[in-house]
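In: how would this look folded up:
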Amino acid sequence: MAKEQKKLVIDWMPKRFNEGLFWGNGCMGGFLYVVEKSLRFSVDHVRLWETRDTTEDMPAAKFQDFVREPEKFHNGTYTVQNNLQEPRMWRTHLPGLSLNISLEDVITDFYGEINLDTGCSDMKVTLQNGTVVNCQVYVDSNVNVLKVQLDTTNSKVEIKGWDTANGNLPQLAYWNYPKYQEEKEEQVTHVLQPYSECSLAVISLIEKPGHVYITLNADNLKDQDELKSFLSSTTKKELVNKNAELLHSYVEMEGKFKDAHDASWNEFWNRFDITIPNDRLQQSFYQEMYKIFSNERKNSWPVTLQGVWNNDSRMPAWYGDWHNDLNVQACYWPVYKTNHIELAEAYINYYTQSMPRLSERAYKLFGIKDAIHCPVMMGPDGYGVGGEWCFWNMLLGPELFVATDFCWYYEFSRRLDKLESSVYPFVEKVLNLYMGIAYEGEDGYYHIPFTNSPEVFKHGPMLIKDDATVVISSLHYLLENMENYSNLLGKNSEKYAEFRKKLTPLKTTDKGYPLFPEEDVFESHRHFCQLYPIFPLGTDIHSKTAEKSLNTVIDQGFMEYAAWSFPYLSIFAARCGKGNMARMMLEIYCMGFRARNTFVVNGDPNQNGILKISDTNAGESSDAFTVEAGFMVPAALSEMFVHRSKDTVYVAYGIPDEWNSCSCKDLTVEGGHQISVVMEHYKIKTVTVTANCDETIKFSFAKLSGVLTYDGQTLPTEDTYTISLVKGKTIVFGVEHE
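Out: So this is what the prediction gives:
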């Protein structure tokens, strides 16, 4: 895509929340929609959380009770229920606050576009009286400032907290959240919004002729008494002063701030690229990478379901939480693959900091010390949302998804400091949990009880059995890695080696990988976690078993899929050498499961006839969205160009037959090696590898026709080529076509 085409155009009236323009910097986000004569901005902050939970912080039973009497787990006897009609408080993300710019008449036409290179937008709105108002907007990449510039002074600018009288926010009124209060200084207006038990958000405004500057900060106060007197609290004054100082500095030195903003986006884009002859997928790649940098920063928090774009007039969908399965994982797959591993540090650091609570959970639920259990639905500091000990938050398995991510971080970075401080201690505690609950079967192997393959139901309740494929494959992967990590750090690896030898082998059938031993995939479903060895583990790819497993999924049909099922399948297809399928799955996702501004919609609300018809958007209203499905598009495209399994790098195995010319720049594989590929006339032309560490690995090339050269030498025709990489050195494979 030409540089001038790297933009997202919105040429309709964005009257619903999830239809407008959007900006972010990993901490603060802005989202625009139109309400009659107003431009309405939802201004969100990652720290806006209700962190109380009035359900009892103790499970109704131990995990061992679930194993012994599973029917009581399924019927709710052993779960602490959280009926939303009862007067209870539960952890949840909170809505954004509001910036409202009222114009002189009703808005009748709208045009806007985001320059994806710079994170800046230009808009033109037409009013009923014929007036045309031009507007520019961006959220600064480095500091929490939203800047709006209008070529009219005939407007009214307001900032607001939550309207608890709003019918969409009854819970905030029920929780007795106090109404926001306004303070005015000489040039700055502040709105103070108390929330949670002892927290405060301050949104502040400076308005100059034709220019609006907004900042938002949120923080915890010292205690509940301080909240009651927050107007005189020290923390309140600190936040107000902090906001005022930032806005004054920004107005005074806007040019320097804007230069740093532009440099930040430029550095982001210069680290990677993909160019393909498919306009829809090319645009989606750039649009989703824009969203990623709007959400992910080294020093922020991990990405939640809606990222930095929570509605200002309704509670976030699905609590706006961290779903500890692929919903979190998929937000980071493209970061690893596109040479931006530093953007995953917030995720690794935050979960490392949450280890004390995650260990407390493991002890309360399993009775095992020095272990980790993650809730499926997580809020700040490792606590569960939707009820601390509800059904979902007592399931076994989410910690394996997170532990796999921790291993990915090391495998892609090879940072020994992070291995020692974060990766090793986290994975060690996860394995302590599974070593503690494993039992020895009559076959002499260790087995894991009461496992699930996410969201597979049979005859009513969720299907729960021993030794789910996702669990056993993950454990073998983690144990093998921890043997290596122990040796690297000079620790004893014996316990991992011994446990892995006795852990039940991963089972297969004539249909490939089953859900559980002797329980093949039997219906259409959306998670595909039985394919975990193919991706993200990469322990079995380009094999007959992998291909049979993928075919078995496809044979069931897709009527029960979710939106993200299609890009997920694209990744599996690439790792099975099915480039045409990989492309088609992405096309279906982009055509059928995105709102017009590219945000994901679940279910089939647009009635494309792709999924089973339902009346709701996966249990949420039609303005609900999540971000991870879109992030899977750049992850899948990266996999189509290059991926690694164990000691072998596979190049161009996911490229579809119809792509004549395409290329990628500095995509990354395990080891942190950067790989660029150029294809012309349906064949590989060059492959450039820059090594991140000293390592001997193999390369396998698809779509190779001609004589392969390396370092000026002609290579013999082979299935794989073994090459010794030297850290910092670049090598080039070339192909001389006949």
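In: quick one, strands of the stretch 1-150 of the chain?
Out: All strands of the stretch 1-150 of the chain, identified by DSSP state E, counting those that start in this stretch, fall at 7-10, 22-24, 28-35, 38-45, 49-50, 92-93, 97-102, 107-115, 120-127, 132-139, 146-150.
In: Could you do the stretch 601-738 of the chain as well?
Out: According to DSSP E, counting those that start in this stretch, the strands that the stretch 601-738 of the chain contains are 642-645, 648-651, 662-669, 673-680, 683-690, 695-701, 707-710, 713-714, 721-725, 730-736.
In: quick one on the thing from earlier: so which of the strands of the stretch 1-150 of the chain has the densest surroundings on average?
Out: Mean neighbours per residue, mean count of other CB atoms under 10 Å, is largest over the strands of the stretch 1-150 of the chain for strand 22-24, with a mean of 27. Bear in mind the C-beta positions are built from the backbone N, C-alpha and C, glycine included.
In: Reformat the strands of the stretch 601-738 of the chain as a markdown table; add mean neighbour count.
Out: Conversion of these to a markdown table gives the following (neighbours: other CB atoms under 10 Å):
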| stretch | mean neighbour count |
| --- | --- |
| strand 642-645 | 24 |
| strand 648-651 | 22 |
| strand 662-669 | 22 |
| strand 673-680 | 20 |
| strand 683-690 | 20 |
| strand 695-701 | 18 |
| strand 707-710 | 16 |
| strand 713-714 | 8 |
| strand 721-725 | 15 |
| strand 730-736 | 16 |
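In: Which of the residues in stretch 414-424 are classified as buried?
Out: R414, R415, K418, L419, S422, V423, Y424 (16 or more other CB atoms under 10 Å).
In: Can you give the contact residues for it?
Out: With CB atoms under 8 Å, 6 or more residues apart in numbering as the contact definition, stretch 414-424 has outside contacts at 348-349, 352, 406-407, 409-410, 482, 485-486, 488-489, 491, 671-672, 692-693.
In: of the residues you listed, buried ones?
Out: 348-349, 352, 406-407, 409-410, 482, 485-486, 671-672, 692.
In: Can you list the residue ranges for strands in the stretch 151-300 of the chain?
Out: Taking DSSP E, counting those that start in this stretch as the criterion, the stretch 151-300 of the chain carries its strands at 156-160, 181-184, 188-195, 199-208, 211-220, 273-275.
In: For Y721, find the nearest of the strands of the stretch 1-150 of the chain.
Out: strand 7-10 (40.6 Å; CB to CB).
In: and that closest one, how far out from the chain's middle?
Out: 22 Å (CA atoms, centre = their mean, to the nearest Å).
In: Ok, stretch 496-513 next?
Out: 29 Å.
In: Flag every buried residue along it.
Out: Those buried within stretch 496-513 under the rule 16+ other CB under 10 Å are Y496, F499, R500, L503, T504, L506, T508, T509, K511, G512, Y513.
In: Stretch 321-336 now?
Out: Buried, per 16+ other CB under 10 Å, within stretch 321-336: 321-336.
In: Which members of those residues define the maximum pairwise distance?
Out: D321 and Y336 (22.6 Å).
In: Select the helix or strand of the protein having the lowest average pLDDT value.
Out: Within the chain, no helix or strand scores below helix 224-228, which has a mean of 51 by mean pLDDT, DSSP states H and E.
In: where in the stretch 101-250 of the chain is pLDDT low?
Out: Applying pLDDT under 70 to the stretch 101-250 of the chain flags the ranges 220-233.
In: again with the chain
Out: For the chain, the stretches flagged by pLDDT under 70 are 1-5, 81-87, 220-233, 613-621, 737-738.
In: Point to the residue nearest the middle of it.
Out: C331 (2.2 Å; CA atoms, centre = their mean).
In: which residues sit in contact with that residue?
Out: Neighbours of C331 in contact, by CB under 8 Å, 6+ apart: I292, N295, E296, P302, V303, V627, E628, F631.
In: Next: Y111.
Out: V9, I10, D11, M123, K124, V125.
In: and what of D140?
Out: Neighbours of D140 in contact, by CB under 8 Å, 6+ apart: N25, L146, K147, Y250, F257, K258, H261.
In: Just the buried residues of those residues.
Out: Here, 16+ other CB under 10 Å leaves N25, L146, K147, Y250, F257, K258, H261 buried among the contacts of D140.
In: Take the residues you listed and write them to TSV, including distance to G379.
Out: TSV is the format used below for these (distance: CB to CB, whole Å):
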residue	distance to G379
N25	22
L146	26
K147	31
Y250	32
F257	33
K258	35
H261	31
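In: so which of the contacts of Y111 comes closest to A574?
Out: Checking the contacts of Y111 against A574 with CB to CB, the nearest one is V9 at 29.2 Å.
In: quick one: which of the buried residues of stretch 496-513 sit in helices?
Out: Y496, F499, R500 (DSSP state H).
In: will you turn the residues you listed into CSV that also has distance to V687?
Out: What follows is those, written out as CSV (distance: CB to CB, whole Å):
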residue, distance to V687
Y496, 35
F499, 39
R500, 35
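In: which of the residues you listed lies closest to K369?
Out: The closest of those, once distances to K369 are taken by CB to CB, is F499, at 17.7 Å.
In: In this structure the closest one contacts L479, no?
Out: Yes: between F499 and L479 there is a contact at 6.1 Å, judged by CB atoms under 8 Å.
In: Number of residues surrounding H681?
Out: 9 (other CB atoms under 10 Å).
In: Just to check, it is in contact with N660?
Out: Yes: the criterion here is CB under 8 Å, and H681 meets it with N660 at 6.4 Å.
In: ok, back up a step: would TSV of the strands of the stretch 151-300 of the chain with distance to P380 and mean neighbour count be doable?
Out: Below are the strands of the stretch 151-300 of the chain laid out as TSV (distance: least, CB to CB, whole Å; neighbours: other CB atoms under 10 Å):
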stretch	distance to P380	mean neighbour count
strand 156-160	25	17
strand 181-184	25	12
strand 188-195	13	21
strand 199-208	11	22
strand 211-220	10	21
strand 273-275	35	18
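In: wait, is M315 part of a strand?
Out: No: applying DSSP: H, G, I helix; E, B strand; the rest coil, one finds M315 to be coil, outside a strand.
In: returning to what we had before: quick one: the buried residues of stretch 496-513 as a markdown table, columns for distance to V402 too.
Out: Output for the buried residues of stretch 496-513, formatted as a markdown table (distance: CB to CB, whole Å):
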| residue | distance to V402 |
| --- | --- |
| Y496 | 18 |
| F499 | 20 |
| R500 | 20 |
| L503 | 20 |
| T504 | 23 |
| L506 | 21 |
| T508 | 26 |
| T509 | 29 |
| K511 | 29 |
| G512 | 26 |
| Y513 | 22 |
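In: Closest one of those residues to P356?
Out: If you rank these by distance to P356 using CB to CB, Y496 comes first, at 23.6 Å.
In: Just the ones of the buried ones among the contacts of D140 in helices?
Out: In helices, judged by DSSP H, the following of the buried ones among the contacts of D140 are found: Y250, F257, K258, H261.
In: Fine by me, thanks again.
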